[in-house]
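# fold the following and give me the result.
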Amino acid sequence: MGGCLLLCAFLLQLSGSLQVVSAGSGEEVKCGVGAKPCKDGSECVPYNHVCDGEADCRDASDEADCALACAEDQFQCAHGQKCIERSQVCDGVPQCQDRSDELRCAKQMEGCAHQCDGKSRCVPVSFLCDGERDCLDGSDEANCADISCSAREFECTSGQCVSAKMLCDGQPDCGDRSDEEGCIKAPVCTTKHSCPHSKECLVQEWICDGLQDCRDGTDEKDCPVAPLKCGTFQWSCKSKTRCVPTAWWCDGTEDCDDGSDETECGPVTCLPHQFHCGSQECLDAALLCDGISNCADGSDEGGSCQTKCADDRRCSQSCSSTPQGTRCGCAAGFRLLEDGLTCADVDECEAQSPAVCSQLCINTQGSYRCDCHTGYIMEAGGHHCKITVEPFLLSSVQTDLFLLGLRSGNLDVLASPAKKAILSLDYDWRERRVYWVSLDTESVRWSSLDQKTTGTFIKGVRADSVAVDWLGRNLYWIDGVNSQIVAIRLSKGSVKSVDRSVILDEDLDLPRSLALLPQKGLMFWTEIGNVVKIERAGMDGSERKVLVNSSLGWPGGVAVDSVSERVYWTDERLKAIGSATLDGEDIRILQMKESTNPFSLAVFNDMLYWSDAKKRVVLAAHKNSGKNLHVLLKRLRQPFGVKILHPLLQMGIESPCEKMGCSHMCVLAPRNKAVCKCPSGPLLAEDGLTCSSPVNSAFLLMLSPATVTQIYLQSRHTLGELNTWPEHLALQVPSVNEAAIMDYSMRDHTLFLTDDGTTSLSSFKLKGSDLSFRGQLLKLQGDAITAMALDWVTLNVYWSSNKQPHLQVTSVTGAYSAVLIKEGIGRVESIALHPPNGRVCFTNLGLQGTDTGASVECANMDGAGRHVVWKDANQPTSLVFSNDGDTIYWADEGLGTIGSAQLNGSGYKELKTGDGLAAVALSDDTLFWMTLGDKTRLWYRDEQQKNQLWFEISTEVVSLKAFSQSSQTGSNLCTENNGKCQHLCLATPKGRTCKCAHDHVLVNATHCSPEQRCPNGSRACPDQLSCQPVEKFCNGHVDCHNHSDKHCDSLKRPTVAAVPAPTEPNSASPPPRPSLVTPLSEVQGLNTTLDVNLQLRNLDALQCSQIRCSGNGRCVETNGDTSCVCSLLYSGDSCQDNLLKNLQSPLVYAIAGLCVGVVVIAVMAVVVRRKSANARRASLAAAKDMSMADLESKAETAPGSPEAPGSPEAPSSPEAPSSPEAPSSPEAPADADAHKPEEAVSSVDGS
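Numbers count the residues shown, from 1 in each chain. Below you'll find the model as predicted:
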């Protein structure tokens, strides 16, 4: 009763004069103006609360006797208890308690021609009979004239048209299944399943998939209940009966059967002009302190409601009483600032989820308005846009091309000569062509949209994904084998593959799918290599960046929505569809149970379309929420490529290429720009328009872990942007894991590379734009090469390693190796050679534990004449000779300087370059250098002696070299016939030195003979300090103390006689030049007995012999113990005793003399026998015709070479890759593919 009295007292204040009489006293309640008493007389309620659909009287009498029928000029509230004037509907102020007078309010559209949905919506004439329902009552599509099907189509009972080829094929194509009714005979199903009664064909994935495919419904009967397992980006309903995408949780719509996705959603966020009830409702400020509890907990009443605004002029808009006291308020569309007084506009167009407008949003003071892109029309609701021309779904289903009308449902098939699955497609609306690639040919083919003609656009290319640049008039594709993105100009006829231009070829790790956005000059692609990611670049290859590298499993198809400016992708591992902005922000993942293996996708207007190759369906759903999901195509064969055909998607805007005069091809670039591109070979001239042959043949080679990039120096003058590669040729290196050091022979077009991943040195032949693996020269075990340089005259390779920090040389065949300089070297980081002058220079980082620092040293190429050129270095590397060979340059990483000095140590000069200096190169007196930091930058010294930045890239570069016509010119005494040397010819300033391999000795100035020092069944370690059993070499365990017994590869070295003696000067045949040959062990018939570990030996044994054996013998190691083998006439543990000194009588001397004579005769006999054996072996080698020139010719088709992969003579080596294109990496586990998602393509039967 007390509460009732308080309420009446409050109403008294509102009405001005209200007499309150207790109901218990028997007197009636008298209400003031604007209120009426309840029927029980207990209280009064305002008239505006009578018949408002909510009971305010305790006896609910204020909602009794309300009119149920409204007058014609009135609107009835949805609760049916109140009528309001028609003029009050959609006026922005709710008069109905349920706000039904402000729901479904629509602007009267310009050109309003048809009212529908109770006259709450009006649509223009263009919306009528367009095949799409715009009115909820469907009246805009009623009474439309029937459109008959063509002669080659079948008309379904529903009026839908499908291709006549689909009639009675066992697959319902009509929505009403009428194409499979009345068939004379049951279809022959190529699948293992069919409906038991209605005989439709089925695949396993359709049984119990939630969609009825059998007319009798048997495919969805007795389905087992699988345990619920939600994905990473899904949310489980509390009932454990369904998984919904996380985006559906607390989105305002109940998606779970139990509604649990809309409970426990946390605090409700109210609009700025609303009051937040303690019970979590949002209330208009006008309903506060009105005497009626509108919040469930009554928090909108009481408190300080009686306090009135004293001076509302302080508020910028309004002042009102609230339970917390007086407060300034703002109208809808405004928000109160922190000062509590000022109202500011709310920008409704800022990022909101979901967006208030489907396309364009224009903010206004206190409100906003939506607009549409050119070609689209605003729908009646004022928030969404639509199109007037019917769009079509283009999809490849195995070898067929399907066209499905998205409004009419009409289904047709384009002509296609494909014999295997079509995996990728795109179309050119202007020429009405569909371009596609299939698994059966290395070409790009086309089919016309009029279904009349097909053809081949380009042959001899491998394309995994195609994309049409309809604006710049080019066709792009991904070449996954060569890891390239390539483009060629569109033409009505066929084009030649040589005219294609490489757009991107650096650091592409298994690119898979490609999409273009010509309006912005951008392209997007997915990569599924070691690091899965989605990247973006300009369509000219510029401004490349990683867009998405998180929230990814196995990204496959990619598409761009030009309306919302978002990129979408399928993820086969996550079984999801992801999206992000064009800058990689706002990543969203839609993970739906209906999609198990999304393959390709397309976006158009508000809808998302994708193919599921496993479930064999093409689906559609709203692009933001994933709701309104429905099946568009369901076929027995797998769908792959998906596109939407509509002229608005290729709207004719002006192309920047129209203003260019490119001689070859024009490609679009970001920010409405265009650039000219050339095919491989020609370079872009300084005018930026013309492609021509290089004027200057000088070039740089830049080495990445798996790529060698050739850049002509001429392109310095045509580069427009600094943050991308200039014109270049990227060469993918086969059979290499982690390339580290390189050198190149311009004469033989041969590249030499060290591989830190396999600790080896290999050679590669450059033919055109391809590198082919030739052979492995060195293979180190438990060691790594730290420096390497090529003698381009003999093709000998100078090198050093971690565990053998010596200066060593190996012949091009890998057959002979020798140590040139051993002592006093800590670590060699770089080697440079100048063969015409016979000089070698190397960096010596100093011995650990000594005071010696890093230095630059030089010597003759045979190791003699060693001297220090510069001793005050910090971290010298990247040595390079001047062209005349008198000056040596180096990069000092520690000091950030490029130093140079003459070989005698004089004339030191220094160039400051700054931090990050990594390498230096010299070409025709122009200095180039590379710095590493956040990016790789290439600099050069211009004619004015100023440092200039040429370009910067994000690619990891590990080595830099420069080559020109003058960089490998000249000769020495090793040029012809290997200088008559049987093993190694090493140039010197005054001639040449013949050097034998480590376990051989010179028998004269040019020829070598095996050195016999170890017991039978054993071999000498390269350091000459011990002998080890043969089986201990290359057995995976270290036996020689310096690890040299582990320098192994698959090669064998021939015996001495297997290589013919040098040609005499008067020989009639021309002297053969050194060449890259197949390792001698791979030439059938050669007698090979020594393992390659015997190639890498240290010939310097003087230290042990002089100290341990008194200089009168040699050290040997047997079973771990070092002992001396004494020379003739010496004995003792250290060979300290001379036998002649112990003889005391002439008789003894005579006997000794006799013994010496016998020994001499025996030695002469051995020498004669050895010469005879050498002669026999030499004649045998000549009979086998195995000259160096012949070996070179055989190498072209040698076993194991790329030219003859199937040769029966190919040796079986555990280290040899199975093919140049597919190297077998020892680091790749056998089950490397075990964690990959199920590949739909792998199950394609090719039919």
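# from now on I want contacts and neighbour counts done on CA atoms only, so please keep to that.
Will do.
# strands along the stretch 601-750 of the chain, start to end?
Using DSSP state E, counting those that start in this stretch, the strands of the stretch 601-750 of the chain run over 607-612, 617-622, 630-634, 639-645, 665-669, 673-677, 683-684, 691-692, 699-703, 707-712, 729-732, 739-745, 750-755.
# how far out from the middle of the chain is the last one?
Yep, that's strand 750-755 we're talking about. 26 Å (C-alpha atoms, centre = their mean, to the nearest Å).
# figure out which of the strands of the stretch 601-750 of the chain is closest to residue 790.
For the strands of the stretch 601-750 of the chain, the distance to residue 790 is smallest for strand 739-745, at 6.1 Å, taking C-alpha to C-alpha.
# ok so, going back, which one of the strands of the stretch 601-750 of the chain lies nearest to residue 766?
So among the strands of the stretch 601-750 of the chain, strand 750-755 is nearest, using C-alpha to C-alpha, at 5.9 Å.
# and the closest one, which strands flank it?
When pairing is defined by DSSP bridges, strand 750-755 lines up against strand 739-745 (antiparallel), strand 760-767 (antiparallel).
# just send those strands back as a markdown table, with mean pLDDT too.
A markdown table is the format used below for the strands paired with strand 750-755 (pLDDT from 0 to 100):
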| stretch | mean pLDDT |
| --- | --- |
| strand 739-745 | 95 |
| strand 760-767 | 93 |
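# in JSON lines, list the ones you listed along with mean neighbour count.
Formatted as JSON lines, these follow (neighbours: other C-alpha atoms under 10 Å):
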{"stretch": "strand 739-745", "mean neighbour count": "23"}
{"stretch": "strand 760-767", "mean neighbour count": "20"}
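# any chance of those strands in TSV, plus distance to residue 626?
Conversion of those to TSV gives the following (distance: least, C-alpha to C-alpha, whole Å):
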stretch	distance to residue 626
strand 739-745	46
strand 760-767	51
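# of all those strands, which lies closest to residue 831?
strand 739-745 (10.7 Å).
# what about the residue nearest to residue 454 when sequence neighbours are not counted, neighbour count?
Leaving out its chain neighbours, the residue that sits closest to residue 454 by C-alpha to C-alpha, 6 or more residues apart in numbering is residue 447, at 4.3 Å. Residue 447 has 22 neighbouring residues, counting by other C-alpha atoms under 10 Å.
# related to what we said a few turns ago, and of the strands paired with strand 750-755, who's closest to residue 942?
Comparing those by C-alpha to C-alpha, strand 739-745 comes nearest, at 25.3 Å.
# hey, C-alpha coordinates of that closest one in CSV?
Output of strand 739-745 as CSV, limited to C-alpha atoms (Å, rounded to 0.1, in the frame of the first residue of the first chain):
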residue,chain,number,x,y,z
ALA,A,739,73.7,-21.9,-51.1
ALA,A,740,76.4,-19.8,-49.4
ILE,A,741,79.4,-19.0,-51.8
MET,A,742,79.5,-18.7,-55.6
ASP,A,743,81.8,-18.1,-58.5
TYR,A,744,81.2,-18.2,-62.3
SER,A,745,83.1,-19.2,-65.4
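# report the angle between it and strand 707-712.
40 degrees (axes from the mean of the first three to the mean of the last three C-alpha atoms, to 10 degrees).
# list the residues that contact residue 524.
Counting by C-alpha atoms under 8 Å, 6 or more residues apart in numbering, residue 524 touches 514, 515, 516, 534, 535, 536, 537, 558.
# quick check: bridge partners of the most centrally placed residue in the chain?
Nearest to the mean C-alpha position of the chain, by C-alpha atoms, centre = their mean, lies residue 527 at 3.1 Å. Listed beta-bridge partners, residue 527: residue 511, residue 533 (assigned using DSSP bridges).
# what's the distance between it and residue 509?
Using C-alpha to C-alpha, to the nearest Å, residue 527 is found at 6 Å from residue 509.
# please report how far the residue nearest to residue 454 lies from residue 414.
7 Å.
# could you list the low-pLDDT ranges of the stretch 351-500 of the chain?
351, 353 (pLDDT under 70).
# can you check the stretch 801-950 of the chain too?
Using pLDDT under 70, the stretch 801-950 of the chain drops low at 848-851.
# just to revisit the earlier point, am I right that the residue nearest to residue 454 is in contact with residue 453?
Yes. If you go by C-alpha atoms under 8 Å, residue 447 and residue 453 touch, sitting 6.1 Å apart.
# identify the contacts common to these two.
residue 415.
# lovely, talk soon.
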